[in-house]
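>>> Got a predicted structure here, sequence first:
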Amino acid sequence: MYISDRIRRYIARGFHRDSAAVNVLIEETLLTLFKRFPETFIFFGGASLVLFYGSQRHSRDIDLLISVKRPHSSAALNDVLKVHLCDGPAADRLELEFINQRIAQITRKRCQPELQPFLPEDLYRELDRADFRPLREAVSILFAAWL
């Protein structure tokens with residue numbers, strides 16, 4: 001199914017165009033992660049309700065638990081996602097303004113309820129002290145080809 005058809009499917013379910021595009025990006029990201037790193041992650045949370053159960057609730061994040069003792073490095077994950085985003089059908093749909101808006105939304109207010117319950121306490125405190133700058137930088141690196 002084409003990206004535009006998938007976006008239209010979410011719009012028909014009542015999502016705004018931007019939210020529909022985010023849902024398709026989430027689908028693409030999960031497809032890549034689960035193909036490249038099978039049996040590594042468990043997907044849960046609001047986005048899983050939208051993708052698998054038809055929920056109208058919009059979730060703009062991907063909640064993953066690591067299901068292996070030694071997770072893959074963030075560099076390996078970044079490399080996989082970069083290749084997929086650059087070569088995949090989503091590449092033509094990513095716009096500079098859209099990416100910059102999403103990066104700007106990585107704030108303490110948004111990150112605390114999403115990250116604090118799941119990250120080790122010392123890692124969360126380190127990100128919080130840095131006002132989540134390392135996370136914004138990591139996302140900027142991932143999307144560097146468009147920025």
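Structure received.
>>> Dihedrals phi and psi, Leu65?
phi -110, psi 140 (degrees, to the nearest 10).
>>> sec struct for the residue nearest to it when sequence neighbours are not counted, please.
Excluding its sequence neighbours, the residue lying closest to Leu65 (CB to CB, 6 or more residues apart in numbering) is Ile42, at 4.3 Å. No exception for glycine: its C-beta is placed from N, CA and C like everyone else's. Look at Ile42: counting by DSSP: H, G, I helix; E, B strand; the rest coil, its state is strand.
>>> can I assume Ile42 is in contact with Ser48?
No - between Ile42 and Ser48 there is no contact under CB atoms under 8 Å: 9.6 Å.
>>> more crowded one of those two?
Neighbour count, other CB atoms under 10 Å: between Ile42 and Ser48, Ser48 has more, with 17 against 11.
>>> I'd say the more buried one and Asp63 touch.
Yes - counting by CB under 8 Å, Asp63 is a contact partner of Ser48 at 7.4 Å.
>>> okay, now Asp61: neighbour count?
14.
>>> show me what contacts it?
Applying CB atoms under 8 Å, 6 or more residues apart in numbering to Asp61 gives the contacts 45-47, 114.
>>> Enumerate every residue touching Phe118.
63, 65.
>>> And Phe41, by the same measure?
Neighbours of Phe41 in contact, by CB under 8 Å, 6+ apart: 33-34, 64-67.
>>> and it, how far is that from Phe118?
According to CB to CB, to the nearest Å, Phe41 stands 12 Å off from Phe118.
>>> Arg102 now?
Using CB to CB, Arg102 is found at 20 Å from Phe118.
>>> May I have stretch 117-128 as CSV, with CA atoms only?
Output in CSV follows, covering the C-alpha atoms of stretch 117-128 (Å, rounded to 0.1, in the frame of the first residue of the first chain):
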residue,chain,number,x,y,z
PRO,A,117,9.0,5.4,34.5
PHE,A,118,11.1,3.4,32.1
LEU,A,119,14.7,4.7,32.1
PRO,A,120,17.2,3.9,34.8
GLU,A,121,17.0,6.7,37.4
ASP,A,122,20.6,7.9,36.8
LEU,A,123,20.1,8.1,33.1
TYR,A,124,16.8,9.9,33.4
ARG,A,125,18.4,12.4,35.9
GLU,A,126,21.3,13.0,33.5
LEU,A,127,18.9,13.8,30.6
ASP,A,128,16.7,16.0,32.8
